[in-house]
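S.K.: Please find the sequence and the predicted model below.
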Amino acid sequence: MADNSSLHRASRAKNDEFYTQLVDIEQELNHYKQHFKGKTVFCNCDDPFESNFFKYFAMNFNHLGLKKLICTCYRQSPIAWAQLSLFENEYVIVKTEGGKDPYKIEINEVADYNCDGAVDLADVKWLLQNDKNSLSVLQGDGDFRSEECIELLKEADIVVTNPPFSLFREYVAQLMEYNKEFIIIGNKNSITYKEIFPLFSQDRIWLGYRNINADMWLVVPDDRDCEKIVDGKRLKHIMACWFTNLPTTKRSEFLPLYKRYNPDEYPKYDNYDAINVDKVSDIPYDYDGVMGVPITFLDKYNPDQFEIVAFRKGDDGKDLVYSLSNGGGLVSHTSAYLYDDVIRPIINGRKIYRRITIRKIFHGNSGND
């Protein structure tokens, strides 16, 4: 019988089972081609028989110049293997009660078997007949935190996947611990987590190319509610965006600033020494103090143009920082990061939505410096 921790993980995995559409993967990853050459890519939350991440990298293995592709899956994946199947039935690992055995696929070579000059699914289906590629059953449950998967993580150069949203904090913490490059999908709200937001201000994580306001339609299992069905795929609208630590051209773009500061248009907070800016496009070019801006600012964040001061929700005149050195308790500190459960900013006695506080880095006096 499975222990309670395994059952909890299986339950979370089931609730978090969203499969990314190939079109969304292509639109984002096509921006990173130069980063993949000669690299080992690890998709550690991806059943190769179902995952469009595996499909993308297998089909583009030669185009990207990959050294190796590794995919592992969690045993309790609730989606039927055939739903997004890439291969024929004969390749399927033996199923066990409650799900499939966890396994990994390692791809070292993708050849143009039908000699048509392109590598597509007609070639990919033969991947496992190549002696340079392998499929094997894992000893554990395939969880990304298992010893087996951590050893594979150490081997990898870049991690690309859609991890379980409920485990996003743990997932990112592991990537940071092993100093890995990554391109992953997460819930937008995870930006505000006390474990995640400091990474933005430390320039250890940032948003990908897809606009933060452009939510995704992800594939859900047959036993989950969906909002629409397209080409047989059950789709649900998810507040999701891309997170990465790979260099992007988007991150070096300067946000054009056109508005002049006017105290009547930019009220100060009752509980913090900063002005409120309701729209990112309304950031004044001539204000050198602290400004509270919407979370969507991170989609335009250029560290050469702005400094992130804090994620502001406090009401005591100071920031509250989650301190691991204080046993996970709350301590007062200035210019820090905010614990998730603190009160929101206040203007004229009215609470407003949470804000990121920033300060402009001046390079001159012009509006577009």
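M.R.: Thanks, I have the structure now.
S.K.: which regions of the stretch 251-369 of the chain lie under the pLDDT threshold?
M.R.: Scanning the stretch 251-369 of the chain for pLDDT under 70 picks out 311-343, 362-369.
S.K.: same thing but 80
M.R.: The stretch 251-369 of the chain contains residues with pLDDT under 80 at 310-345, 353-354, 362-369.
S.K.: show me what contacts the nearest residue to V290 once chain neighbours are set aside?
M.R.: With C-beta to C-beta, 6 or more residues apart in numbering as the criterion, V290 has its nearest non-adjacent residue at 3.9 Å, and that residue is A274. In short, each C-beta sits where N, CA and C put it, glycine included. By C-beta atoms under 8 Å, 6 or more residues apart in numbering, A274 lies in contact with 268, 289-292, 309, 312, 357.
S.K.: okay if I get those as a markdown table plus distance to I205 and secondary structure?
M.R.: Shown next, in a markdown table, are these (distance: C-beta to C-beta, whole Å; DSSP: H, G, I helix; E, B strand; the rest coil):
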| residue | distance to I205 | secondary structure |
| --- | --- | --- |
| K268 | 30 | strand |
| G289 | 26 | coil |
| V290 | 22 | strand |
| M291 | 22 | strand |
| G292 | 21 | strand |
| V309 | 17 | strand |
| R312 | 19 | strand |
| T357 | 18 | strand |
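S.K.: residue ranges with poor pLDDT in the stretch 101-250 of the chain?
M.R.: For the stretch 101-250 of the chain, applying pLDDT under 80 flags the ranges 101, 112-129, 215, 218-224, 226-227, 231-233, 235-237.
S.K.: do that again at 70, thanks
M.R.: In the stretch 101-250 of the chain, residues with pLDDT under 70: 114, 117-118, 120-125, 223.
S.K.: Do a quick rundown of the strands in the stretch 151-300 of the chain.
M.R.: Secondary structure of the stretch 151-300 of the chain by DSSP state E, counting those that start in this stretch: the strands cover 158-161, 181-187, 206-207, 216-219, 228-230, 233-238, 240-244, 275-276, 290-293.
S.K.: closest to Q174 out of these?
M.R.: Shortest distance between Q174 and the strands of the stretch 151-300 of the chain, using C-beta to C-beta, is found for strand 158-161: 9.3 Å.
S.K.: can you list the residues that contact the closest one?
M.R.: For strand 158-161, the surrounding residues in contact (C-beta under 8 Å, 6+ apart) are 29, 35-36, 39-46, 53, 57, 153, 175, 180-185, 246.
S.K.: Name the residues of stretch 27-34 that are buried.
M.R.: Of all the residues in stretch 27-34, those buried under the rule 16 or more other C-beta atoms under 10 Å are 28-29, 31-32.
S.K.: Show me which pair in the residues you listed is furthest apart.
M.R.: Using C-beta to C-beta, those reach their maximum pairwise distance at E28 and Y32, which is 7.9 Å.
S.K.: Find the residues that touch each one of the two.
M.R.: I183.
S.K.: What's the mean pLDDT across stretch 49-62?
M.R.: What stretch 49-62 shows for mean pLDDT is 89.
S.K.: And it, what's buried?
M.R.: Burial within stretch 49-62, assessed by neighbour count using 16+ other C-beta under 10 Å, is assigned to 49-61.
S.K.: picking up where we left off before, so which of the strands of the stretch 151-300 of the chain gets nearest F168?
M.R.: strand 181-187 (5.0 Å).
S.K.: In its sheet, which strands sit next to that closest one, and in what direction?
M.R.: strand 158-161 (parallel), strand 240-244 (antiparallel) (DSSP bridges).
S.K.: chain center to it, what's the gap?
M.R.: Put simply, strand 181-187 sits 2 Å off its chain's centre (C-alpha atoms, centre = their mean, to the nearest Å).
S.K.: same deal with stretch 138-149?
M.R.: 21 Å.
S.K.: can you give me how far stretch 212-220 is from the chain middle?
M.R.: Worked out by C-alpha atoms, centre = their mean, stretch 212-220 lies 12 Å from the chain centre.
S.K.: I'd like the strands paired with strand 181-187 as CSV, with distance to V280 and mean neighbour count appended.
M.R.: Below are the strands paired with strand 181-187 laid out as CSV (distance: least, C-beta to C-beta, whole Å; neighbours: other C-beta atoms under 10 Å):
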stretch, distance to V280, mean neighbour count
strand 158-161, 28, 24
strand 240-244, 15, 23
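S.K.: which one of the ones you listed lies closest to Y74?
M.R.: Among those, strand 158-161 comes nearest to Y74, with 11.4 Å by C-beta to C-beta.
S.K.: Let's see the closest one as CSV, backbone CA atoms only.
M.R.: Extracted in CSV, the C-alpha atoms of strand 158-161 (Å, rounded to 0.1, in the frame of the first residue of the first chain):
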residue,chain,number,x,y,z
ILE,A,158,18.6,23.2,-19.6
VAL,A,159,15.3,22.1,-18.0
VAL,A,160,12.1,22.7,-20.0
THR,A,161,8.6,21.6,-18.8
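S.K.: Can we start the residue count at 157 from this point?
M.R.: Let's use 157 as the start, then, which means that last one is strand 314-317.
S.K.: how distant is that strand from the center of its chain?
M.R.: Strand 314-317 sits 10 Å away from the centroid of its parent chain (C-alpha atoms, centre = their mean).
S.K.: How about residues contacting stretch 445-454?
M.R.: Contact partners of stretch 445-454, identified using C-beta under 8 Å, 6+ apart, comprise 344, 347-348, 356, 362-363, 368-369, 422, 425, 428-436, 439-440, 465, 468, 501, 509-516.
S.K.: swap the cut-off to 7 Å and go again
M.R.: 347-348, 356, 363, 368-369, 425, 429-433, 436, 439, 465, 468, 501, 510-515 (C-beta atoms under 7 Å, 6 or more residues apart in numbering).
S.K.: From the centre of the protein, point out the most distant residue.
M.R.: D420 (38.4 Å; C-alpha atoms, centre = their mean).
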